[in-house]
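Chemist: task: produce atomic coordinates for the following.
(one chain, ligands or ions: 1)
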Amino acid sequence: MIPRLRTSTRPGKQFVWLCLWNDVRRLPRVHRVIDAGCGPMLNRPMFDADEYVGIDPDERGLQQGLERFPDAVGVHSTIAEAPDIEGQVVVCTQVLASAPFDPGETIATVRALVRLTEPGGILLFNTSSRTSAYEESVHAILRESFESVRRVRYGAMYERHLPWWASLLIAVTMVALPALRGDGASYYACSGRLRLRD
Ligand SMILES: C[S@@+](CC[C@H](N)C(=O)[O-])C[C@H]1O[C@@H](n2cnc3c(N)ncnc32)[C@H](O)[C@@H]1O
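Modeler: Got it, this is the predicted structure:
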C-alpha cells in the first residue's frame, strides 16, 4: 500500500510529512500501530495495520478521530501516563512541537514512546525548537534503546507559511540539499527496539 502524503503550508512541517511518508511506504502490513498524541487521527490513512491505537489527552480530538475511524481504539491519556500497551510501529508527529505540550515532559515522553514500542519495533517522531534544550538527552535515550537511530535535523523555515505547493517544493529541495535544513528540530526514525533493562 502506498501511503497518502500529508501536506502543510509550512516547509519544515512538510519536510516531516515527506520523511514520514518515505519511511511508512517501506513498512509491511503491521499488527498494531500506536499513534501517540494522535489528535483527530489524521495519520490513520497512512498505515496498513490490523489495529490502530490513538492516544491523546484531548477528548475532543480523540472523539473526532473515533467518529471518522470507528475501528480505531482511542486511549484518553498523555503519552507519559499511557497504559502498558505495545505497538510494532509507534508514530508521534507534531506533538512535541504543539502548544499544549509541556517541554518539561520531554524526557518522560520520549521514555514512554520507547516503552510503547515493542521489542524489534519502530518509532517515528519529530522534536521541535520548543524541546531543543533536551535534544542531546533524547538522542542518548534513543541510542541506548534501539539498534538503529536516524536523526534528520530540519529546523529551518519552520514557522513560515506558504502555499502548500511552494511548501512541498521547498521540502523536496530540503531532502536533496541537507545544508538547507538547519538545526533546532529533528525527525527521528528508530528501528529494532532493544529489550529494556530492569
Ligand atoms: C498538532 S496536534 C498533532 C496531532 C497528530 N499527531 C497529527 O500529526 O496530526 C498535537 C496533539 O498533541 C497532543 N498532545 C499534547 N501534549 C500531549 C502529551 N503530553 N501526550 C499526548 N498527546 C499530547 C494534543 O492534544 C494534540 O492532539
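Chemist: use CA for all of it now, contacts and neighbours both
Modeler: Noted.
Chemist: close to the ligand, is stretch 115-122?
Modeler: No - residues of stretch 115-122 contacting the ligand under C-alpha under 6 Å from any ligand atom: none, with a closest distance of 12.5 Å.
Chemist: look up how far Asp183 lies from Asp56.
Modeler: Spatial separation of Asp56 from Asp183 under the definition C-alpha to C-alpha, to the nearest Å is 28 Å.
Chemist: list the contacts of the lowest-mean-pLDDT helix or strand in the chain.
Modeler: When each helix and strand of the chain is scored by mean pLDDT, DSSP states H and E, helix 164-176 comes last, with a mean of 86. In this structure, residues lying in contact with helix 164-176 by C-alpha atoms under 8 Å, 6 or more residues apart in numbering are Thr7, Ser8, Thr9, Arg10, Pro11, Gly12, Gln14, Phe15, Leu18, His161, Leu180, Arg181.
Chemist: residue contacts, the first one?
Modeler: Read that as Thr7. Gln14, Trp17, Trp164, Leu168.
Chemist: could you give me the ChimeraX syntax to select whichever of these are buried?
Modeler: Those of the contacts of Thr7 that count as buried under 16 or more other C-alpha atoms under 10 Å are selected in ChimeraX with:
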select :14,17,168
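Chemist: circling back: mind checking which of Asp56 and Asp183 has more residues around it?
Modeler: Looking at Asp56 and Asp183 with other C-alpha atoms under 10 Å, you find the greater number of neighbours at Asp56, namely 24 against 15.
Chemist: so what does that one have for phi and psi?
Modeler: Dihedral angles of Asp56 (phi, psi; degrees, to the nearest 10) stand at phi -160, psi 140.
Chemist: hey, what's it bridged with?
Modeler: Residues in a beta bridge with Asp56, per DSSP bridges, are His76.
Chemist: spatially nearest residue to Gly65 (excluding sequence neighbours)?
Modeler: Of all residues not flanking Gly65 in the chain, Pro40 sits nearest, at 4.1 Å (C-alpha to C-alpha, 6 or more residues apart in numbering).
Chemist: surely Leu66 touches Gly74?
Modeler: Yes - Leu66 is within contact range of Gly74, at 6.9 Å (criterion: C-alpha atoms under 8 Å).
Chemist: between those two, point out the one with more neighbours.
Modeler: Under the criterion of other C-alpha under 10 Å, the comparison of Leu66 against Gly74 puts Gly74 first, with 21 against 17.
Chemist: I figured that one hits Val53, correct?
Modeler: Yes - proximity of Gly74 to Val53 meets the contact threshold set by C-alpha under 8 Å, at 5.9 Å.
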